[in-house]
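Trainee: 3D model of this:
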Amino acid sequence: MNQQKLPNATAVLVLGIVSIVGCCCYGILGVIAGIIGLVLYKKDNQLYQSNPTLYSDYNNLNTGRILCIIGLVISVLYLILNVVLIAVFGWDTLSDQQLMQERMRELMGQ
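Mentor: Coordinates of the predicted model:
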């Protein structure tokens with residue numbers, strides 16, 4: 001019997017990698033890529049579970065799922081950190097290094 005590759009196994013793997021790298025973009029790109037990767041994983045996993053002998057790329061699919069979960073967690077944590085920093089210091093402070101140093105001194109009580 002000739003085994004086929006799962007339709008989205010490579011895409012899930014790539015989206016998992018993008019979700020880890022995408023956490024550097026304020027966490028937004030990583031969250032989006034991670035969620036899309038997990039949705040595609042769910043579809044392919046249901047396809048594989050219906051007939052496991054027909055498909056061969058299940059290891060890539062599982063690796064992609066693990067990468068998506070890791071990237072999603074890191075991205076969400078980084079996104080939360082950015083929201084907290086903006087709430088504490090303000091957007092203008094984060095874009096101006098001198099103002100940031102002044103706010104840090106005020107916060108430290110110096």
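Trainee: okay, CA-based contacts and neighbour counts for the rest of this
Mentor: Will do.
Trainee: At which residues are the helices of this structure located?
Mentor: Assigned by DSSP state H, the chain shows helices spanning 9-21, 28-50, 58-89, 91-95, 97-108.
Trainee: Quick one: mean pLDDT over the shortest one.
Mentor: Read that as helix 91-95. The average pLDDT within helix 91-95 is 84.
Trainee: what comes up buried for it?
Mentor: residue 93 (16 or more other CA atoms under 10 Å).
Trainee: got it, and the last one?
Mentor: For helix 97-108, the neighbour count (16+ other CA under 10 Å) marks residue 100 as buried.
Trainee: by contact count, what packs against it?
Mentor: Other helices and strands packing on helix 97-108, by 3 or more CA pairs under 8 Å, 6 or more residues apart in numbering; DSSP states H and E, are helix 91-95.
Trainee: how far out from the middle of the chain is the helix it packs on?
Mentor: Computed by CA atoms, centre = their mean, to the nearest Å, the chain-centroid distance of helix 91-95 equals 25 Å.
Trainee: what's next to it, contact-wise?
Mentor: Defining contact as CA atoms under 8 Å, 6 or more residues apart in numbering, one finds that helix 91-95 is touched by 85-86, 99-100, 103.
Trainee: Stretch 35-53 now?
Mentor: With contact meaning CA under 8 Å, 6+ apart, stretch 35-53 is reached by 3, 6-9, 11-13, 15-16, 54-55, 58, 61, 64-65, 68-69, 72.
Trainee: Just the buried residues out of those, in PyMOL syntax.
Mentor: This is how PyMOL selects the buried members of the contacts of stretch 35-53, with burial counted by 16+ other CA under 10 Å:
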select buried, resi 6+8+9+11+12+13+15+16+55+58+61+64+65+68+69+72
